[in-house]
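Asker: Generate a structure from the sequence data that follows.
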Amino acid sequence: MNKKILIIGANGMLGGSLFRYFTDSTMYSVIGTVRSNEAKEFFEAQQYTNIVSGIDVSNKISLRAIIMDLQPDYIFNCVGIIKQLDSSKNHILSININSLLPHELAAMASEVKAKLIHFSTDCVFSGKKGGYSENDIPDATDIYGRSKLLGEVDYNGHLTLRTSIIGHEYHSNHSLVDWFLSQDGTVNGFSHAIFSGLPTVYLAEVLDKFILPKQNLSGLYHLSVEPIDKYTLLTIINDIYKRKNTIVENKEFTIDRSLNSSNLSGEIGFKPESWFDLIKKMHCEYVRYFK
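Answerer: Now for the predicted structure:
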């Protein structure tokens, strides 16, 4: 019998990639939740039966009902108040969604003997030093970083992955890649802004091939790839997506939130692919679903 995956927030950048990847797999039965019926327009018609709409994560009754009804083996929490949105400045909303919700999901998951996989962020760190390991003390001072830190679930067999992501999202230019693709002409590329996150489509692949097979993997781990500066990153995207933007190197802004994921790599045998190959994977997803 196929393992059952419940994806909370299947229409966001991360949830969408995970939903598309795992519904294409013959190994899993997948259900994704969205808040509104209108969100179904983001999915292919044959995927409608895998989508449950009307699930507002602030309504714990409906959230609990779908978990109890589905009895999933895995719950992927892909809901969060992201830093780029004005709502991230709303302390109550950020604490409810980023801090409390993951622990509430963990409790519900434990009731049905499911494993929660929760996604935290490199933004729990200030970015003053880079190369952060799990032993480094998070030093973010903003509500986003602190609320995400409080939401990390590292108990009862559940798993939190601290990571960062790039990718595509429907009807949005908030993410780095979608913003870049919406620009014409000259854009700044910050060569002293260091990033070690993953394209969301590659994160799905890592989950499938490396993390889910390790059934006893639990706690808190960093998940990252080779650090890259955002000037070089945009240059690769510009090339592979066949854009004609001019990227001007900017050295004025310095930040390094790169993560050291040697602990996780040692546990699961994960060796990341090159950035050129990662962007090619992201572009393939873009051509298939977003172009």
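
Asker: what's the burial count for P102?
Answerer: 25 (other Cβ atoms under 10 Å). Where C-beta positions appear, they are placed from N, C-alpha and C, glycine not excepted.

Asker: which non-adjacent residue is nearest it?
Answerer: Using Cβ to Cβ, 6 or more residues apart in numbering and skipping the chain neighbours, the partner closest in space to P102 is G151 (4.2 Å).

Asker: Return the per-residue confidence for the one you found.
Answerer: pLDDT recorded at G151 is 99.

Asker: That one against L100, yeah?
Answerer: Yes: with contact defined as Cβ atoms under 8 Å, G151 reaches L100; the gap is 7.4 Å.

Asker: Comparing these two, which shows the higher neighbour count?
Answerer: Set G151 next to L100 and count neighbours by other Cβ under 10 Å: G151 wins out with 26 against 14.

Asker: need the contact list for the nearest residue to V206 once chain neighbours are set aside.
Answerer: In space, and not counting its chain neighbours, V206 is closest to F270: 6.5 Å by Cβ to Cβ, 6+ apart. Contact analysis of F270 by Cβ atoms under 8 Å, 6 or more residues apart in numbering lists 206, 210, 261, 264.

Asker: any weak-confidence spans in the stretch 1-150 of the chain?
Answerer: 84-88 (pLDDT under 70).

Asker: quick one: the helices in it?
Answerer: For the stretch 1-150 of the chain, the helices defined by DSSP state H, counting those that start in this stretch occupy 13-23, 60-70, 91-94, 101-111, 143-150.

Asker: can you give me the strands for the stretch 151-291 of the chain?
Answerer: 159-163, 165-166, 186-190, 193-195, 198-199, 219-222, 228-229, 246-250, 255-256 (DSSP state E, counting those that start in this stretch).

Asker: So what touches the second one?
Answerer: Think strand 165-166. 13-14, 119, 175-177, 195, 197-200, 203, 233, 282.

Asker: Reformat the helices of the stretch 1-150 of the chain as TSV; add distance to I247.
Answerer: Supplementary listing: the helices of the stretch 1-150 of the chain in TSV, determined by distance: least, Cβ to Cβ, whole Å:
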stretch	distance to I247
helix 13-23	22
helix 60-70	43
helix 91-94	33
helix 101-111	37
helix 143-150	27
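
Asker: With respect to burial, which of the ones you listed scores highest?
Answerer: Most buried of these, by mean neighbour count (mean count of other Cβ atoms under 10 Å): helix 13-23, with a mean of 24.

Asker: centre of the chain versus it, how much separation?
Answerer: Its chain's average C-alpha position is 10 Å from that of helix 13-23, according to Cα atoms, centre = their mean, to the nearest Å.

Asker: so that helix versus strand 159-163, what angle?
Answerer: Helix 13-23 runs at 120 degrees relative to strand 159-163, counting by axes from the mean of the first three to the mean of the last three Cα atoms, to 10 degrees.

Asker: packing partners for helix 13-23?
Answerer: The contact analysis (3 or more Cβ pairs under 8 Å, 6 or more residues apart in numbering; DSSP states H and E) places helix 13-23 against strand 3-8, strand 28-33, helix 200-206, helix 275-289.

Asker: So which of the ones you listed is nearest V225?
Answerer: Of all these, it is helix 275-289 that lies closest to V225, at 6.7 Å by Cβ to Cβ.

Asker: Buried residues in that closest one, which are they?
Answerer: Across helix 275-289, burial judged by 16 or more other Cβ atoms under 10 Å covers 275, 278-279, 281-283, 285-286, 289.

Asker: Check stretch 235-242 too.
Answerer: Those would be 235-238, 240-241, for stretch 235-242 by 16+ other Cβ under 10 Å.

Asker: How about stretch 137-144?
Answerer: 138, 140, 143-144.

Asker: from these, which is closest to E38?
Answerer: Y144 (26.7 Å).

Asker: for the closest one, what are its contacts?
Answerer: 81-83, 88, 94, 98, 121, 123.
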